[in-house]
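Asks: only the shape, not the letters, is given here:
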């Protein structure tokens, strides 16, 4: 569902080490996941491509003519790519990631937006807490290509001087002077926000998202229910209970959770028996979310892949052709699933330590969000039974640890077969079906 | 609904701002929204308490800050209101109390009501301030005309006198009014400051899920005049034979209705009308006749009746007599086996409501249960009334926001249709199960009983799953 009529240009504003790139990347990931084609354009990257070797903070001194020329050139090159993405490549949102700390620069960009028919929305990050800034520098700057040959102390010292270069000319978004612009000003990593003139649905969603994310360290644990009776038989969907091995897994999961010693862990399940039975073994309170229920396979519910091939060969082929968008007759598609999981993602962002016990298709959607996997890859992500994925946000992304809990289970993963033609012989369709009873 | 799972401790919302800044409007609207999504909320309007205490209002002199006697009365009213708030949150299990404050002077907040022992004995509640700030004189004048002129304070005066007195009343407050200050004095408070009717917002220290939802809601509502049209699809083939659910097409009379709807819309001459339908055939066919662009929302699909899909009520009563009786007992909470409840429907319709708030003129072509849920939101109907609201076929409800509520016009488009409305039966049913366990809301983490064997049930529509075994084993299908 396209929610935007004209494309949106999001312009980041703020001194270095204020989380602009962090926000750009996260916002881009979220928008792409909900189906809004978005791309970020990091001007610093353009600078690195142009000026092969970074020397020192002096490049950023306000009176460095050469530096200023190059930086302006990079900004224009980036804007040109923005124009190409939004006007020629069917992008809906472009995130322009640079300091953009002067009113003059912002006006240039705003005019650019107007000329091209884009709606411009500014996202400013303001932070004066020296601890936060120091932590940012450690997390993302020390490992930057700019400082590959420096010691940590040298890098930090240089970076602090770099920030100083911007401070004198920094013009923060002002309630009076900028009252006609659309923007959100984020203060102290989300302690407070100033929101001005939200123009449309997509800006409203962006504001809501930005107001719900946080940077407190935490881990998200994703796993499926224990092996179910229908899993054993190779049947999809339904509402079966756990098999013997599935119950074993539930106990292993309880042990694992205890060992991890997680602070204030929240546990979420779907409203289907198999996830609830798994959670019950943990002996802790858990919340049941209906929207975490497995993808509805409609007329194919409780069938084996062999039965689907026999009864609905055309549907089976169509699904292989476009597994993300394909909707089971009277059922759902992965695309539908993403839409219904959006509140879960929003709430996961608000929360801290969470264990989500869900289902194969659901887990694939959640994982694709955290690991920024595109729609084509999403339905083929490997989410085996009896395996916990521990996700820990780090720097600009997510660290993944895969923990197999040593209880055997069937494999339920069906790869995309080579032949997806609607006239293919059954053997070609079934070649990738995993073994079952 | 699930929203109430997310709130642990009760919340006290305190509305702040000079008079005629929309505090009552926002309180009522917010309360209506929160109650609809399932968070019990109530408004405590200090103006009402003041009117009780001082039987007849004489003039704006009452509000002068140097009127000591009046200040005493106002302070006492605040304390009485606080008692009621406490009772609501503690004894009536309310979740949120919205309190209108006529001023935020430090006297009443710090070192005043909020510091009084009565307040601290409130359950550990979160306090969230909603401040409305407005410096646009046109907006203020419009507010006064729209709601103050007909206030009980001004029973017989003419407009100019009212406007004059009220503006002087505002001046009295301005003397002591101190807006929330996020940079210094109030930086530790949780609040949202709404500036110039939503042009700008300042949000500080949002503490939890419910505050985040409140902020999102407040940022999406607007006061631009507009009209919302609600109607159902034209009469369908299944309607004719009394079958519920399914995905049938329009009957001949249904197609006639679609044509009549087209004519009606044209006659109304609505500016920039948006049209929304569900993803079921009957609403889409209805919209197609309009010849305008429309958006299909899956979440506007009719309630999923699970195993009862495509059955008539007679068939359901014959095949699932216990289910049939239970539904009549608690129609809002009852979930069809393998299907949904009205409560589920409200949860899935929440994004529609949020988007409706953002929009201007809009026509929503939906279904009986869905339309009841939407209507209940706009007309502030309780969960008990919701499943019995009348939404007949071939009838359009035209909703126009006015003052603190919504004006409703019913327009029947003169095309005959079957009646699909089923009232709550008045006689007690004699075929209730032995232990009529009330079908309670699905709360967090309750222990499911040992599950019965899974009976194979045909699943038709995407949303819904077999509910857990709260009532004992289900009767076998065959």
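Replies: Looks like it arrived, so ask away. As the structure is a computational prediction, the values presented were derived from the model and not from experiment.

Asks: the stretch 301-437 of chain A: strands as residue ranges?
Replies: Taking DSSP state E, counting those that start in this stretch as the criterion, the stretch 301-437 of chain A contains strands spanning A:354-358, A:387-394, A:397-404.

Asks: what helices or strands is the first one leaning on?
Replies: Pointing back at strand A:354-358 there. Contacts defined by 3 or more Cβ pairs under 8 Å, 6 or more residues apart in numbering or on different chains; DSSP states H and E place strand A:354-358 against strand A:220-224, strand A:266-269, helix A:273-280, helix A:334-350, helix A:360-371. Any C-beta I mention is one placed from the backbone N, CA and C, and that applies to glycine too.

Asks: same check on the second one?
Replies: Other elements packing on strand A:387-394 under the criterion 3+ Cβ pairs under 8 Å, 6+ apart are strand A:220-224, helix A:360-371, strand A:397-404.

Asks: who does that strand pair up with?
Replies: strand A:220-224 (antiparallel), strand A:397-404 (antiparallel) (DSSP bridges).

Asks: tell me the most buried of these?
Replies: Greatest average neighbour count among the strands paired with strand A:387-394 goes to strand A:220-224 (a mean of 24), per mean count of other Cβ atoms under 10 Å in any protein chain shown.

Asks: neighbouring contacts of that strand?
Replies: A:253, A:348, A:353-360, A:363, A:366-367, A:370, A:383-392 (Cβ atoms under 8 Å, 6 or more residues apart in numbering or on different chains).

Asks: any of these buried? List them.
Replies: With burial judged by 16 or more other Cβ atoms under 10 Å in any protein chain shown, the buried subset of those is A:253, A:348, A:353-360, A:363, A:366-367, A:370, A:383-391.

Asks: can you show me the strands along the stretch 151-300 of chain B?
Replies: Ranges of strands in the stretch 151-300 of chain B, per DSSP E, counting those that start in this stretch, are B:190-195, B:200-204, B:228-232, B:274-277, B:295-296.

Asks: any chance of those in CSV, plus distance to chain A?
Replies: Output for the strands of the stretch 151-300 of chain B, formatted as CSV (distance: least, Cβ to the nearest Cβ, whole Å):
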stretch, distance to chain A
strand B:190-195, 9
strand B:200-204, 4
strand B:228-232, 17
strand B:274-277, 11
strand B:295-296, 7
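
Asks: any idea which of these gets closest to residue A:430?
Replies: strand B:295-296 (34.4 Å; Cβ to Cβ).

Asks: who in the stretch 251-400 of chain A is up against chain B?
Replies: Proximity of the stretch 251-400 of chain A to chain B, by Cβ under 8 Å from any Cβ of the partner chain, involves residues A:270-273, A:276-277, A:279-280, A:285-290, A:293, A:296, A:298, A:301-302, A:330-332, A:336, A:339, A:347, A:350.

Asks: now the strands paired with strand A:387-394 in a markdown table, with mean pLDDT and distance to residue B:370?
Replies: Formatted as a markdown table, the strands paired with strand A:387-394 follow (pLDDT from 0 to 100; distance: least, Cβ to Cβ, whole Å):
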| stretch | mean pLDDT | distance to residue B:370 |
| --- | --- | --- |
| strand A:220-224 | 98 | 33 |
| strand A:397-404 | 95 | 38 |
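
Asks: quick one, which of the ones you listed is nearest to residue A:108?
Replies: strand A:397-404 (31.3 Å).

Asks: who touches that closest one?
Replies: Residues contacting strand A:397-404 (Cβ under 8 Å, 6+ apart): A:25, A:256, A:370-372, A:384, A:386-393.

Asks: farthest pair in the residues you listed?
Replies: Maximum distance among the contacts of strand A:397-404 (Cβ to Cβ): 32.1 Å, for A:25 and A:386.

Asks: now do residue B:306: how many residues are near it, please.
Replies: Residues within reach of residue B:306, counting by other Cβ atoms under 10 Å in any protein chain shown, total 24.

Asks: what separates it from residue B:326, distance-wise?
Replies: Per Cβ to Cβ, to the nearest Å, residue B:306 is found 13 Å from residue B:326.

Asks: helices along the stretch 201-350 of chain B, start to end?
Replies: B:209-220, B:237-241, B:252-268, B:281-288, B:313-319, B:321-329, B:342-358 (DSSP state H, counting those that start in this stretch).

Asks: reformat these as TSV; add mean neighbour count, mean pLDDT and distance to chain A.
Replies: Below are the helices of the stretch 201-350 of chain B laid out as TSV (neighbours: other Cβ atoms under 10 Å in any protein chain shown; pLDDT from 0 to 100; distance: least, Cβ to the nearest Cβ, whole Å):
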stretch	mean neighbour count	mean pLDDT	distance to chain A
helix B:209-220	21	91	5
helix B:237-241	17	96	15
helix B:252-268	18	96	22
helix B:281-288	22	96	12
helix B:313-319	14	95	20
helix B:321-329	19	91	17
helix B:342-358	20	91	6
